[in-house]
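K.L.:
dropping the sequence and predicted coords here.
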Amino acid sequence: WTANDPVAGVYSKNYSSSYNYPKLEDGIFMREATNTSCTHGNYTRPYIAGGTKNYYKPTSGTPSNHTFEEIRFVGINLVNHNYVIVSGFKIIKARYGVRGYDLQTDTQKPNSHITITGNEFFNCQLGVGLGSLGGNATGNSISYNYFDYIQASIELWSLGGCDAGTTVGSNDSMDIAHNNISHCSQIYTPSGPASYDWQAANLISGGNEDKEGIGTQDLTNSSIHHNTITGTCRGIFLFTCRGKDTHSNSIYNNYISTTRVPLIMYPDTGTPGANSQYNNNIFYNVFVGGANDGYYSAIVVKNTNVSSPVRNKIYNNTCHSTINGITVISGDYFAIMNNIFYGMSNYPVVQYASGSNIIYDYNLYSTPANGFYTKATGAKNWLGWQALGKDVHSPIPANPLFTNAAGGVYTITSSSPARDAGLYVGITRDLSDGLVPVGSAPDIGAYEYGNASGSSTTTPPTTTTVTDATTTTTTPSTRTTNVTPPG
């Protein structure tokens, strides 16, 4: 190292082959600076500074007092591989834990029939990344893994840039389940998360586009369920590349607590993104953005109108958000029903779409601070919102009376206004795998109050079936259901 170059306390060294790799000091990823003086960080790479030098400002003393590292390696390389089981590994301080794609080329085979289960990933830039570059990928399973202090824990790519003209496939028939993702996108230190996250530690490839627990491109006929995600990342991000589609997926029974959007469905221009269902999820976030930004919501959805659309169904979720509840950016074919939206300081609903075919009903909102916002009408109070034909069967906004919202326990109490206030939409199990309904009608939200083991005699409520363009209503008779819940 050359001392005091370019300023006192900063050291430089030629690393001509080292450009895009984040750096560690004593096993901790350092904050990257934007200049050679390392004014707001502890290292700068040639990509940022120009030339071939790395610049390093030790947190104390000189470089000889520390272990200086950079990460380059791939734990398990699955590029051009299929029919592989990866199980029982612990991968630490890798740039990629398991990688199945190379974004620099499209001359590769898609990953199919890969099973990744029972592994631990710690302090890595990417946990698991599989790809459909060069063709369609199918039949992959990522389950029962533990991810801790990872920038992007699970990624299913079809193409890095989506617009680059590379052969783009789809990710079909995937199952992502029972994964525990903690400290998502946070930086590990022995005393807990650092004050900065991966975006600050890796300015080149650590940007917002990769800060997510589970990220997919062009996902079809797949399931994402029973995952827990906590940290400072986006929770589940379903993206669609231009000209492709994301459809027929089931996203259910996930618990997500992050400082960014827990659920995003975001097709690119010209893609439909329809016929998926999102149900019985917990979405909790404490945002770090501006209160008037409509994207700061528990759920953000978008689709493009198509000639014969099939609705995306957003049913029985519990959303605890500090700014907005749900944002509909574009598209017209959503059914938003039986959800709890709680704690918003801004709007429970932000709708930029025209929205003439969007169904809002049987939802429970805590008292909205600023009303309900649509681009076409501006903010409306509760009565004004209902006058637009929205939430006409929903209870009056009120506190849902959770068991312990401050402690993250979102079961409802016996006096909750959500109890027996929902509509039967075909969901027969709640987030705890209990029976639905219990009582005269389903409860609103992810949990059903008073689930009994064994048998439950109920009179199901009037059932509404939402199809492409019609609504069918039937009234079933009393039934007795005998079920032995899984132990």
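P.N.:
That came through, no problem.

K.L.:
contacts, neighbours, all on C-alpha from now
P.N.:
OK.

K.L.:
show me where the stretch 301-450 of the chain has helices.
P.N.:
With helices called from DSSP state H, counting those that start in this stretch, the stretch 301-450 of the chain shows them at 382-387.

K.L.:
where does it have low pLDDT?
P.N.:
304-309 (pLDDT under 70).

K.L.:
residue boundaries of the strands in it?
P.N.:
312-315, 318-321, 324-328, 334-337, 340-342, 349-351, 359-361, 364-365, 372-374, 378-380, 402-404, 409-412 (DSSP state E, counting those that start in this stretch).

K.L.:
which secondary structure elements does the fifth one contact?
P.N.:
The reference is to strand 340-342. Where contact means 3 or more CA pairs under 8 Å, 6 or more residues apart in numbering; DSSP states H and E, strand 340-342 is packed against strand 318-321, strand 364-365.

K.L.:
and if you look at the longest one?
P.N.:
Counting by 3+ CA pairs under 8 Å, 6+ apart, the packing neighbours recorded for strand 324-328 are strand 297-301, strand 349-351.

K.L.:
from the helices and strands packed on strand 340-342, which stretch is densest packed?
P.N.:
strand 318-321 (a mean of 28; mean count of other CA atoms under 10 Å).

K.L.:
measure stretch 276-296 end to end?
P.N.:
Across stretch 276-296, the terminal residues are separated by 22 Å (CA to CA, to the nearest Å).

K.L.:
for stretch 170-185, same thing?
P.N.:
With CA to CA applied, stretch 170-185 spans 26 Å between its terminal residues.

K.L.:
on that earlier part again, kindly reformat the helices and strands packed on strand 340-342 as TSV containing distance to Met344.
P.N.:
Formatted as TSV, the helices and strands packed on strand 340-342 follow (distance: least, CA to CA, whole Å):
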stretch	distance to Met344
strand 318-321	5
strand 364-365	9
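
K.L.:
which one of those lies nearest to Thr428?
P.N.:
strand 318-321 (16.6 Å; CA to CA).

K.L.:
re earlier: nearest to Asn249, out of the strands of the stretch 301-450 of the chain?
P.N.:
strand 312-315 (9.4 Å).

K.L.:
contacting residues around Ala137?
P.N.:
Listed by CA atoms under 8 Å, 6 or more residues apart in numbering, the contact partners of Ala137 are Pro110, Asn111, Ser112, Gly131, Gly169, Ser170, Asn171, Asp172.

K.L.:
roughly how far does it sit from Ser250?
P.N.:
The value you get for Ala137 to Ser250, if CA to CA is used, is 18 Å.

K.L.:
please work out which of the helices and strands packed on strand 324-328 is packed deepest.
P.N.:
strand 297-301 (a mean of 28).

K.L.:
now tell me what touches that one from outside.
P.N.:
261-266, 283-285, 319-321, 323-330.

K.L.:
what about 6 Å?
P.N.:
Val261, Pro262, Leu263, Ile264, Met265, Phe283, Ser321, Asn324, Gly325, Ile326, Thr327, Val328 (CA atoms under 6 Å, 6 or more residues apart in numbering).

K.L.:
could the strands of the stretch 301-450 of the chain go into TSV alongside distance to Asn65?
P.N.:
TSV is the format used below for the strands of the stretch 301-450 of the chain (distance: least, CA to CA, whole Å):
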stretch	distance to Asn65
strand 312-315	55
strand 318-321	45
strand 324-328	48
strand 334-337	57
strand 340-342	50
strand 349-351	53
strand 359-361	61
strand 364-365	56
strand 372-374	57
strand 378-380	59
strand 402-404	48
strand 409-412	46
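
K.L.:
how about the ones you listed, which one is nearest His393?
P.N.:
His393 lies closest, by CA to CA, to one member of these: strand 359-361, at 6.0 Å.

K.L.:
quick check, distance from the closest one to the centre of its chain.
P.N.:
Taking CA atoms, centre = their mean, to the nearest Å, one finds strand 359-361 lying 23 Å from the centre of the chain it belongs to.
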